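Novice: Sequence first, predicted coordinates after that:
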Amino acid sequence: MSTPVLETRDLTIRFGGHVAVDAVSCKFEPGTLTAIVGPNGAGKTTYFNLISGQLKASAGQVFVKGRDITGEPAPLRTRAGLGRAFQLTNLFPNLTVVENVRLAVQARAGQGASLFSTWISKRDLIDKAQAILGRVALADKANQKAAALPHGDQRKLEVGILLALEPDIFMFDEPTAGMSVDEAPVILDLIHHIKADSSKTVLLVEHKMDVVRALADRIIVLHQGQLVADGEPAAVIASPIVQEAYLGVAKA
């Protein structure tokens, strides 16, 4: 049996007497998109934070490609191949759109985080940053400051930064939250494109079930911090417990 690209074993975090994530064990394989669903407060974003290193686990382990990264901080997890897009945007607000992406491209190339040190001699990196802006429909806003962008464009920029880092594991926390009906397809098409790459693994926290149905190969359901369902989308969505408790469908 091959080693999963990402695995959590009995992953747990407690805040005082409250167990927010309760011994969640799950494996994720390349070439798959797993949607993580559940009611508000179920532990979905907290589970993401434990995987990506924003929170320290009370118990349990996180493995990337078989290596235990439980004790590593978030930047080292990024280097290990974890890429995280946040529910709330995580940008350099006083830099321009293209500068935000340039920094990520430069970091991925292993050339440090200085904004100006290597750009004149690295036209290929500049071109790459510009190409990424085209993919997220922000090429016409390259020279605007990130702070000046409307919320939907800030979400696009964050996804652009994630693309620039070229992770093996993409983690999206409600990527279309706050976007208009016209804006959301840009991000959903990008996620669909990432999913088509058999070397990439995608985790998606999403409340919109039409998005989940369109993208997911697998759904896992969290409730009160526990993993209560895991399987193919049709089977999970059709299960009575999920219909009633997590998708807001009452019993007939």
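Specialist: That came through fine.
Novice: what about the strands in the stretch 151-252 of the chain?
Specialist: 169-173, 201-205, 218-223, 226-231 (DSSP state E, counting those that start in this stretch).
Novice: One more: the stretch 1-150 of the chain?
Specialist: 6-15, 18-28, 33-37, 59-64, 67-68, 82-85.
Novice: Run the chain-centre distance for the first one.
Specialist: Here the centre of mass of C-alpha atoms in strand 6-15, compared against the chain's by Cα atoms, centre = their mean, to the nearest Å, lies 17 Å away.
Novice: what do you get for stretch 35-51?
Specialist: In terms of Cα atoms, centre = their mean, the centre of stretch 35-51 is found 11 Å from the chain centre.
Novice: Does G31 touch S199 like I think?
Specialist: Yes: taking contacts as Cβ atoms under 8 Å, G31 lies within contact range of S199: 7.2 Å. To be clear about C-beta, it is placed using only N, CA and C from the backbone, and glycine gets the same treatment.
Novice: Going by mean pLDDT, which of the strands of the stretch 1-150 of the chain comes out lowest?
Specialist: Of all those, the segment with the smallest mean pLDDT is strand 82-85, scoring a mean of 81.
Novice: Quickly run through the sheet partners of that strand, with directions.
Specialist: Next to strand 82-85 in the sheet, as set by DSSP bridges, lie strand 169-173 (parallel).
Novice: contacting residues around the partner strand?
Specialist: Counting by Cβ atoms under 8 Å, 6 or more residues apart in numbering, strand 169-173 makes contact with 5-6, 28, 44-45, 48, 51-52, 64, 81-87, 159, 162, 191, 194, 200-206, all of which sit outside it.
Novice: With mean pLDDT and mean neighbour count as new columns, can the strands of the stretch 151-252 of the chain be given to me in a markdown table?
Specialist: Rendered in a markdown table, the data for the strands of the stretch 151-252 of the chain read as follows (pLDDT from 0 to 100; neighbours: other Cβ atoms under 10 Å):
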| stretch | mean pLDDT | mean neighbour count |
| --- | --- | --- |
| strand 169-173 | 93 | 24 |
| strand 201-205 | 94 | 23 |
| strand 218-223 | 93 | 22 |
| strand 226-231 | 93 | 17 |
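Novice: Good, wrapping up.
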